[in-house]
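**Student:** Test case, fold it:
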Amino acid sequence: MPIVKYRLLLLALILCLGLWTPAAHAETTKKKHSTDEQTETTHHKKKHAVAKETAHLASKRPTTKRTIPASTTAEDDEPGPAPGGPVDPSRPPSVVARSVIVLDARTGQVLYEKDADTRRTIASTTKLMTAMLVAEAGNLNQQVTVEPIDTLCEPTKLSFRPGERYARSALLYALLVHSCNDVARALARDNAGSIPDFADRMNARAAQLGANNTRFVNPNGLPSPGEEQYSTARDLAKIARAAYANPVLRPIMATPHLQFQMANGQVREFSNTNKVLLRFPYCNGMKTGYTDAAGHCLVSSADDGQHAVISVCLGDNKSIWNDSQRLLQWALAADNKS
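**Tutor:** Numbering: from 1, shown residues only. Next up is the predicted model:
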């Protein structure tokens with residue numbers, strides 16, 4: 001009997017242990033799964049929070065947007081002309097520009113022309129006339145006080161501020177070297193009192209030079225909604241020749257690099273927008289231009305000590321630098337000059 005009782009107690013103990021062990025194992029597994037789920041949930045929450053914060057920071061991060069100046073030939077984005085190779089003096093080079101004229105700067109003799117009388121927009125080459133009127137008016141040491149209306153233009157600007165004062169001569173450098181549109185407005189207003197009155201003076205001076213197929217409406221060549229502004233390669237060459245002969249403008253147009261002191265004392269450095277001037281030793285000016293409507297435009301001049309020539313290219317593309325340099329090389333080498 002004791003043995004039977006012992007066996008029964010042992011069996012009961014075994015059964016109890018058997019029942020308890022799976023339950024305990026199940027409970028332990030459940031707790032482990034719960035812990036794993038909590039860990040996984042926490043991990044996902046942290047991951048989501050990091051992703052959300054990253055996206056937020058990315059949305060706040062400043063982006064870089066390049067803006068091609070509408071009044072220059074995008075000189076910061078394009079290579080200049082390649083080193084000049086040999087040219088055939090017996091014939092002018094083939095160029096992309098839609099309208100072209102090349103002439104002797106001293107005599108005005110036309111050496112080559114291509115569609116030179118078609119009216120075209122001429123972009124910032126307009127500033128040759130602006131600069132010439134200011135230079136011819138004299139008193140270049142006179143101070144110009146910047147007014148709010150002078151600053152209302154884009155995109156190439158000196159970014160001066162109303163109330164600042166600059167000598168007319170200093171502003172001429174900023175106008176012709178860096179092609180500043182706000183400077184053109186300031187000089188025009190200072191000269192004539194208003195942009196429309198200055199445009200009248202521009203047109204009157206063009207007529208004096210025989211540029212009768214030309215119409216100006218502003219001093220910087222930017223598009224003017226509702227107003228037609230145009231010239232031709234031939235007319236622009238006449239204006240360029242007069243500007244070339246001006247003793248004030250010649251050295252300004254030939255300036256490759258400029259250090260301009262702002263009214264607050266800050267010095268800004270500019271390279272001439274004319275890359276032919278920077279690459280071709282004989283080039284000594286003159287003025288670049290670009291808008292979507294005009295394409296790439298360039299009036300350039302060169303002097304080798306024996307001959308002085310002027311080239312006008314309108315409606316070109318990124319070949320403008322090579323086109324202009326090759327025309328200058330050819331004109332200097334050609335034997336058809338008087």
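
**Student:** Can you point out the buried residues in stretch 140-150?
**Tutor:** 144, 146, 150 (16 or more other Cβ atoms under 10 Å). Heads up, the C-betas are built off the backbone N, CA and C, glycines and all.

**Student:** Columns secondary structure, distance to residue 183 and pLDDT on top of the residues you listed, output as a markdown table?
**Tutor:** Formatted as a markdown table, the buried residues of stretch 140-150 follow (DSSP: H, G, I helix; E, B strand; the rest coil; distance: Cβ to Cβ, whole Å; pLDDT from 0 to 100):
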| residue | secondary structure | distance to residue 183 | pLDDT |
| --- | --- | --- | --- |
| 144 | strand | 9 | 98 |
| 146 | coil | 9 | 97 |
| 150 | helix | 8 | 96 |
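
**Student:** Make TSV out of those and add distance to residue 318.
**Tutor:** Output for these, formatted as TSV (distance: Cβ to Cβ, whole Å):
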residue	distance to residue 318
144	35
146	34
150	32
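
**Student:** Look up which helix or strand residue 162 falls in, please.
**Tutor:** When secondary structure is defined by DSSP states H and E, residue 162 falls outside every helix and strand.

**Student:** now residue 263
**Tutor:** Using DSSP H and E, residue 263 maps to neither a helix nor a strand.

**Student:** Just the pLDDT at it, thanks.
**Tutor:** Residue 263 is assigned 96 on the pLDDT scale.

**Student:** quick one: it and residue 94, what's the gap?
**Tutor:** 48 Å (Cβ to Cβ, to the nearest Å).

**Student:** any chance you could map the helices in this protein?
**Tutor:** Shown for the chain, the helices assigned by DSSP state H span residues 2-60, 127-137, 168-177, 181-192, 195-208, 233-244, 249-253, 275-279, 320-333.

**Student:** How far off centre is the last one?
**Tutor:** So that's helix 320-333. 24 Å (Cα atoms, centre = their mean, to the nearest Å).

**Student:** buried set for that helix?
**Tutor:** For helix 320-333, a neighbour-count test (16+ other Cβ under 10 Å) marks 320-332 as buried.

**Student:** list the helices and strands that helix packs on?
**Tutor:** strand 99-104, strand 110-114, helix 275-279, strand 295-303, strand 308-316 (3 or more Cβ pairs under 8 Å, 6 or more residues apart in numbering; DSSP states H and E).

**Student:** Can you tell me which helices and strands the third one packs against?
**Tutor:** Contact partners of helix 275-279 among helices and strands, from 3+ Cβ pairs under 8 Å, 6+ apart: strand 283-291, strand 295-303, helix 320-333.

**Student:** quick one on the thing from earlier: quick check, nearest of the buried residues of stretch 140-150 to residue 157?
**Tutor:** Nearest to residue 157, judged by Cβ to Cβ, of the buried residues of stretch 140-150 is residue 150 at 10.0 Å.

**Student:** thinking that closest one is in contact with residue 184, fair?
**Tutor:** No. Taking contacts as Cβ atoms under 8 Å, residue 150 lies outside contact range of residue 184: 9.1 Å.

**Student:** still on that earlier bit, counting neighbours, go ahead and name the busier of residue 263 and residue 94.
**Tutor:** residue 263 (12 against 8; other Cβ atoms under 10 Å).

**Student:** pLDDT score assigned to residue 156?
**Tutor:** pLDDT, read off for residue 156, is 88.
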